[in-house]
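Participant: Kindly return the folded structure for what I paste below:
(one chain, ligands or ions: 1)
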Amino acid sequence: MLVSTAILIAFVIFLVALSFKNIREHFYSLLYIHNLPGPPANDILTGNLLYLYTTPDNVFKTLREWSKLYYPVYKTTCAHLGAANIVSPDDFETVLSTPIHMEKSFIYDMLHDWLGTGLLTSTGLKWQIRRKILTPAFHFSILQQFTAIFNEETEKLVKVFRQECDKPYINVTPHVTQFTLKTIAETAMGTKLQFTSHKEISYKKSIFEMGELLLYRLLRTWLIYKFLYLFTSRYYIERKVIKHLHSFTDSVIAEREKNFKEVVPPTENDDVYTGKKRLAMLDLLLTAKHKEGTIDDVGIREEVDTFMFEGHDTTSVALSFALMQIACHKDVQERIVEEMGEVLGDLKKKPTCNDLQEMRYLERAIKEVLRMYPSVHFISRKLGEDMVTRCGHTISKGSMVNLHIYDLHHNPEIYPDPEKFDPDRFLPENSQTRHPFAYLPFSAGARNCIGKKFAMLELKTAICGILANFVLEPIDSASTIVLVADIVLRTKEGIKVRFVPRA
Ligand code: HEM
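Facilitator: Residues are numbered from 1 along each chain as shown. Got it, this is the predicted structure:
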């Protein structure tokens, strides 16, 4: 009796100490955040967040204005919550160059019901184990296999554009989204999506619905708290959508597992992946489950869902912006086609992974697209220790820090005339003296994008396939599109381009 009472008291003391520590940490975090410059608070309850309670395009505009007005750091506050927003390369470096700040902020919690704690949202040892299992999926020899899939899907995308090219323009966004969804499904899960069966159509619909639900929640910060979200009808819609998504991924995993044969992941010395059947990322996860026991069924689903989420939308918006910019800059379009001719000989030849790597001008053009329109326009961290910004402000341990990649990429001191589309900014002679943390479309440090080479190859394959078949002419341009705040950078009404069959 005495012993159990003592244990109980010790446990209560431990809990009190823990919450005291958390409350203290939270108190200091708020104190320092309130000292930062930033838009004045409306009142003590809503802080300065009411300025953002507007349409997604106005949210986007307001954030850009704040970053200019309060450069290089400003606060956003609401009730007992606060965040520091940073925009300068020095402060990006402080956060991203050390594993101390690798934990994601609570904004990512809203992904947990769908993605669990997969590679994007996990931290610590779990993240390390998962990253180790999945890294071989992006080895050069496997990317070579994936390039064959990119080529096959590009051919189908070109067919769709051919059917519609007699129209005055095509809104490219839905078509390229279907393209990237199909490529990531085949590379991640080994599943060819045709969108003909009810199950596949409903999966595609659910992925889009999930994107809308996440955006709704993101723009109503208070709903990031699950106990408040629970009181909205959207929570119950989200549960249904997630049930659909999970049941689809579960069935794909079960199917692949039935025919599972252990795979030997490629090593750094392998030139070509020698497995007989096409390898999917899922095979590496199944191997880790059966051989090393380092992942279970729930973990496998977390990763498959994470790749479906991270791998399609990011690349799809990048491809839409790329087609717009290529259409608007005839000189750039001609140089890309000229380079394709030099590398491929025949424009209609399907590029290999090596061909794509040789296309340096195309690479610079894509880099410039991702500078102007970084698909992931902001990321967010929870500080693992106190940080002092370059201009001397302290942000304390435990604080939420938002890193605005869009503003970093539009800083005129780093990129003169930032609204000008100029791929030559990325010529070695023009970029070697640039701050190492001035260009971060794929983030940096330990938690950088695992799929960045994959994305580059996919974008290059699609652009080559499209330009081999069409001359692109401008309809939308940087001055007609309206950018909106979303989880990825989007336009209000898609992107329109005119497709003229190439003679
Ligand atoms: C143009 C395309 C892409 C862009 C701009 C992009 C950008 C990013 C960025 C900025 C991050 C860091 C996120 C954060 O810190 O919160 C990230 C992480 C990640 N990306 Fe990408 N991404 C792209 C394509 C892809 C693709 C194709 C895949 C999968 C095949 C992918 C998978 C991931 C994963 C799993 C993470 C989490 C990595 C970790 O924390 O270890 N991404 N991406």
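
Participant: got the phi/psi numbers for the residue in the stretch 351-500 of the chain positioned nearest to the ligand?
Facilitator: The minimum distance from the stretch 351-500 of the chain to the ligand, using Cβ to the nearest ligand atom, falls at residue 451 (2.3 Å). (Each C-beta comes from the backbone N, C-alpha and C, glycine too.) Per-residue torsions, residue 451: phi -100, psi 20 (degrees, to the nearest 10).

Participant: Quick one: residues contacting it.
Facilitator: Listed by Cβ atoms under 8 Å, 6 or more residues apart in numbering, the contact set of residue 451 reads 138, 307, 310-311, 314.

Participant: What distance do you get for it to residue 278?
Facilitator: Applying Cβ to Cβ, to the nearest Å, the value for residue 451 to residue 278 is 18 Å.

Participant: cool, and residue 42?
Facilitator: Distance from residue 42 to residue 278, by Cβ to Cβ: 56 Å.

Participant: Repeat that for residue 377.
Facilitator: Note on residue 377: its distance to residue 278, by Cβ to Cβ, is 33 Å.

Participant: helix/strand/coil for the closest residue to residue 135 other than its chain neighbours?
Facilitator: Nearest non-adjacent residue to residue 135, counting by Cβ to Cβ, 6 or more residues apart in numbering: residue 450, 7.0 Å away. At residue 450 the chain is in coil, as set by DSSP: H, G, I helix; E, B strand; the rest coil.

Participant: What of residue 61?
Facilitator: Assigned with three-state DSSP, residue 61 falls in the helix class.

Participant: since we're on it, how many residues are nearby?
Facilitator: Neighbour count for residue 61, taken as other Cβ atoms under 10 Å: 16.

Participant: Do you have the strands of this protein handy? List them.
Facilitator: Along the chain, counting by DSSP state E, strands occupy 73-78, 81-86, 170-171, 378-382, 387-388, 394-395, 400-404, 470-474, 483-484, 490-491, 496-501.

Participant: by contact count, what packs against the third one?
Facilitator: The one in question is strand 170-171. In terms of contacts (3 or more Cβ pairs under 8 Å, 6 or more residues apart in numbering; DSSP states H and E), strand 170-171 is packed against strand 496-501.

Participant: Which other helices and strands does the strand it packs on contact?
Facilitator: Contacts defined by 3+ Cβ pairs under 8 Å, 6+ apart place strand 496-501 against helix 140-164, strand 170-171, helix 297-328, strand 470-474.

Participant: swap the cut-off to 7 Å and go again
Facilitator: Strand 496-501 makes packing contacts with strand 170-171, helix 297-328, strand 470-474 when contacts are defined by 3 or more Cβ pairs under 7 Å, 6 or more residues apart in numbering; DSSP states H and E.

Participant: pLDDT score assigned to residue 8?
Facilitator: Residue 8 carries a pLDDT value of 69.

Participant: Just the buried positions in stretch 382-389, please.
Facilitator: In terms of neighbour count (16 or more other Cβ atoms under 10 Å), stretch 382-389 has its buried residues at 382-384, 387, 389.

Participant: repeat for stretch 92-99
Facilitator: Buried residues in stretch 92-99, counted by 16+ other Cβ under 10 Å: 92-96.

Participant: among those residues, which are within reach of the ligand?
Facilitator: When the buried residues of stretch 92-99 are checked against the ligand using Cβ under 6 Å from any ligand atom, none falls in range.

Participant: In helices only, show me those residues.
Facilitator: Members of these lying in helices (criterion: DSSP state H): 92-96.

Participant: okay if I get the residues you listed as JSON lines plus distance to residue 480?
Facilitator: Converted to JSON lines, these look like this (distance: Cβ to Cβ, whole Å):
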{"residue": "92", "distance to residue 480": "31"}
{"residue": "93", "distance to residue 480": "35"}
{"residue": "94", "distance to residue 480": "38"}
{"residue": "95", "distance to residue 480": "35"}
{"residue": "96", "distance to residue 480": "34"}
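
Participant: What is the nearest of those residues to residue 495?
Facilitator: Using Cβ to Cβ, residue 92 comes nearest to residue 495 of those, at 28.2 Å.

Participant: was I right about the closest one contacting residue 408?
Facilitator: Yes. Counting by Cβ atoms under 7 Å, residue 92 touches residue 408, with 6.3 Å between them.

Participant: quick one, what contacts residue 330?
Facilitator: With contacts taken as Cβ atoms under 7 Å, 6 or more residues apart in numbering, residue 330 has no neighbouring residues.
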